[in-house]
Each structure stands twice: as C-alpha cells, then as structure tokens.
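Visitor: build me a model:
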Amino acid sequence: MTLTQLRGRGTEQAAIRRTRRGVVIVGGEPGIGKTALLRAETEHAAADGYAALATARAGDRIAPLSTLGPALRPLLSADAFHALADLQDKPLWLAERLAAVLAAKAPALIAVDEVQWADPLSAYLLRALPARLAGTRVLWLLAAREAPADLEGHRLRLGPLSAEALAEIATDRLGHGPDAALRARLAGTRGLPWLAVRIIDGDTAGLSRDVRRLLAGATPHCRSLVTAAAVLGQPDKAALGQPIKLDDAGLLLGEQPVDLIDALGEAIALGLLTDGDDGAVFRHELLRRAVHDDLTPSVRTALRNGAIDLRAGAELTTMDEELDALLKSEAPRPDHAWGTLTATEQRVATLISDGHTNRSAAAALHLSPSTVSTHLRAVFAKLGINSRVQLTRLAMRRQPT
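Guide: As a prediction, this is how the structure comes out:
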C-alpha cells in the first residue's frame, strides 16, 4: 500500500504520531490542509491495522450519531452497531457501551473531519468518550475550522506552507520542478495548499466550484462584500487586486461600513481576503476572477458602473435633508412604487438599470452628473432599495416576459 506523502507537514505529523492517546484538534483556515492531514494519518494508522475516519456534514445535525456512526461502524459487528440505536436516547449508557467496545479494540485512531458540524449526540460522545478512555491507547484526531470551545484536547493549528513545500507539491504533481513563472504564481497563494494545487493543475473550473462552495455557506453580508471586492479590486502589476476600503464597499452596496466589519472577518477566515493598512485584498487574483466571473451579467454591470462612479467621485449615498427624511419614512413596496417616480426619475432609473454610469446617464439626459446622483438617491428612497444591483433586479422583473 502506497501511503500519501504530505509536504511541509512533517512536524505536525510527528507530533500526532507521538500522541498515543487522548484528543488532538487540528485547526486552521479553509484550504490549509486539515482534511489532507487527517487522511494521511488515517492511512498511516490503517496500514498498522487500526483506524476509522468520518467526515461531519452540515446536515448531520438532523440525525443522532450520524457523524460518529460511520467512524465506529468498521470497529463494531453488525449486531453491535445496530444495537446502538436502542441507546440513542440514553447517552450515558451509550457512552459506557462504546467505551467498553473501543477499549477492547485499542490501539485505535478515530478521525473526524469538520467536527463543528457534528450532530448533538456525536458532539456529546466526542467529549465523554476520551475521558472514559484516558488510560487506553485510543487517539481521537479531530479537525475543524474553529473547534467548539468546550472540546478539550491538544490543539494543533496548521499554518501556511513554505515556498519549498509548495515547490515539492508541484514536483509531485507535474513530475518535474516548477519553472520561475509557476513559482511566482505559487508565491501569490501565500502558502495555501488548496489554492496551490488548483494553480498547479490549471483547474480553474475546480477553483470556481471551491469558491462558490465557500460563499454558499457565508452570510449575506460576507457574500456582498466579497462580490464588491471582486469588482472594485482591479489587478495591478503584482497580480493582486487593489486594496478595498470598507467605506467604498459600503457606498457600492448601500451599507454602513461598520455593518461590514464582521463580514470582512468572515471573508478573511474563509481564506478569500486578507487585510492590511491600505484595505482588504484577495489572496490571489484567481480568487477575485472566480468571484467576478461567477456574477450574472446584469449584477456585474451594475456593480462595475457603481465602481466607475465611485472612482469619479460621485457621492451616491450622501443625502440632503429632504431625501434623508424620505428614506426614514415607510417606503412603498418596490412592486408598486415605480408609479411614484417622477418622469425624470423613471428615465434615470431605466438608464442606470440598463448599465449606464451616472456620467453617461447625465449625458443622455442633458443633465449634470450631480443632478443624476440626486435623482438616483430619490429613486432608491421611493423604491425602498439601497443599491444599483437591487434597482437592476427590480427593473428586470418589470420587463415583459
């Protein structure tokens, strides 16, 4: 049996293999290699005849023992495994039964990936069983982006891979060392193995799927911020986007910057953005491109033109007293509010939703850009919306089918 060879994780693997019992909790950002480490250590243990691996999923929480069950199944006879169902509502007795079974199977390694998604019964057993097996050679190897605070054990956090480790991964996958151009692209990953592998393999479709999956589990504010960053962050000569300030993202999205602080932290935790004194930036231009290219044309156009207006100095969310009072009043429902717009406001709304910038709309209507901005703010207020994206979607719904 050929065992998986991890690059750049020798120290972590040695620490795990020195630990004969207890709990090791592997942490780190998405794509840092937690799953690869668990698989490699499970393979190593399986070669010696003892190991079990399970992966928790978000849907596990609807069924008791759905997380830990697959890891325990290889260690139990069919009858013994089926008998566990009778103890699902008796967690103390279930823990005692499993402790006795596992003690008889020692030495053993039980690995559970994405443990933050564990169902409640499995989460209880992951806390109770290690204590009952403290003197037994049973090692619990758990991985999570952020493990539950009440889960006790030795915490091992994975950091970025070195340039040498990334070069070794490239050599393993290509059959030869990386050239200077590939080394430069790998340097832009900042040590993230998931992204490095996608770049080495030239798998842009896989990269897009990965990014889409990450954003699918993110909060709406995080998705909006990352989307805005993809439009505002045009690449520079270093193949990294321009820094994105929360003030600009807030203007583009119709949000207060303070409401985007948590979203920024979430995007950083997902491994998509990094932050610095000058603002947030994508970890790699390929990540920005994956988000940007996944936008629908209408949304991309609306955000791009909003970004153009921002760079032109248009104050899209600065309101005078009358408009401020209008925004604070109860706005009509968007489905019925179009008729409340003046003729000029309707023309402005139509042009903007068709992809015009403030400047080009002003030229078409023979108005000044500042006047168009004032009308646009009134449109937002009357329709009960706060962004060009919402205006574009509303206009698309009004189009005859």
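Visitor: ok, the closest residue to residue 29 other than its chain neighbours - contacts?
Guide: Distances taken as CB to CB, 6 or more residues apart in numbering place residue 271 nearest to residue 29, at 4.7 Å, with adjacent residues excluded. To be clear about C-beta, it is placed using only N, CA and C from the backbone, and glycine gets the same treatment. Contacts for residue 271 were tallied using CB atoms under 8 Å, 6 or more residues apart in numbering; they are 29-32, 192, 194-195, 214, 283.
Visitor: cool, residue 48 as well?
Guide: Residue 48 makes no contacts at all, as judged by CB under 8 Å, 6+ apart.
Visitor: any idea of the pLDDT on it?
Guide: Looking at residue 48, its pLDDT is 74.
Visitor: any idea how far it is from residue 218?
Guide: Taking CB to CB, to the nearest Å as the measure, residue 48 falls 40 Å from residue 218.
Visitor: picking up where we left off before, quick one: the residue nearest to residue 29 is in a strand?
Guide: No. The assignment for residue 271, made by DSSP: H, G, I helix; E, B strand; the rest coil, is coil rather than a strand.
Visitor: how much space between it and residue 172?
Guide: To residue 172, residue 271 is 22 Å away according to CB to CB.
Visitor: name the nearest residue to residue 67, sequence neighbours excluded.
Guide: Per CB to CB, 6+ apart, closest to residue 67 is residue 122, 3.8 Å.
Visitor: any idea how many residues pack against that neighbour?
Guide: For residue 122, the neighbour count with other CB atoms under 10 Å is 25.
Visitor: isn't it right up against residue 70?
Guide: No. In this structure, residue 122 is not within contact of residue 70 by CB atoms under 8 Å, at 10.1 Å.
Visitor: first to last residue in stretch 67-75, what's the distance?
Guide: This stretch, stretch 67-75, spans 15 Å end to end (CA to CA, to the nearest Å).
Visitor: for stretch 137-157, same thing?
Guide: Rule used - CA to CA; the end-to-end distance of stretch 137-157 is 23 Å.
Visitor: and if you look at stretch 61-76?
Guide: Distance between the boundary residues of stretch 61-76 (CA to CA) amounts to 23 Å.
Visitor: and stretch 243-259, by the same measure?
Guide: Its first and final residues considered, stretch 243-259 spans 19 Å by CA to CA.
Visitor: ok so, going back, are any of the contacts of residue 271 buried, and if so which?
Guide: Buried members of the contacts of residue 271, counted by 16 or more other CB atoms under 10 Å: 29-32, 192, 194-195, 214, 283.
Visitor: adding distance to residue 303 and pLDDT, write those residues out as TSV.
Guide: Below are the buried ones among the contacts of residue 271 laid out as TSV (distance: CB to CB, whole Å; pLDDT from 0 to 100):
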residue	distance to residue 303	pLDDT
29	26	86
30	25	84
31	26	87
32	30	92
192	26	90
194	27	91
195	24	91
214	20	88
283	21	83
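Visitor: between these, which is closest to residue 291?
Guide: Sorting the buried ones among the contacts of residue 271 by distance to residue 291 puts residue 214 at the head of the list, at 9.9 Å, by CB to CB.
Visitor: which phi and psi does the residue nearest to residue 29 have?
Guide: phi 80, psi 10 (degrees, to the nearest 10).
Visitor: okay, it: pLDDT?
Guide: Per-residue pLDDT puts residue 271 at 85.
Visitor: from residue 76, how far out is it?
Guide: Distance of residue 271 to residue 76, computed by CB to CB: 37 Å.
Visitor: what's the answer for residue 199, then?
Guide: According to CB to CB, residue 199 and residue 76 sit 43 Å apart.
Visitor: looking at the two, which is more packed in?
Guide: Neighbours per residue, other CB under 10 Å: of residue 199 and residue 76, the larger number sits with residue 199, 22 against 18.
Visitor: the more buried one: which element?
Guide: Element membership for residue 199 (DSSP states H and E) is helix 193-201.
Visitor: list phi and psi for the nearest residue to residue 256 once chain neighbours are set aside.
Guide: Ranked by CB to CB, 6+ apart and with sequence neighbours excluded, the top spatial neighbour of residue 256 is residue 250, at 5.9 Å. Main-chain torsions, residue 250, degrees, to the nearest 10: phi -60, psi -40.
Visitor: residue 250 - how many residues pack around it?
Guide: Residue 250 has 18 nearby residues by other CB under 10 Å.
Visitor: done for today, thanks.
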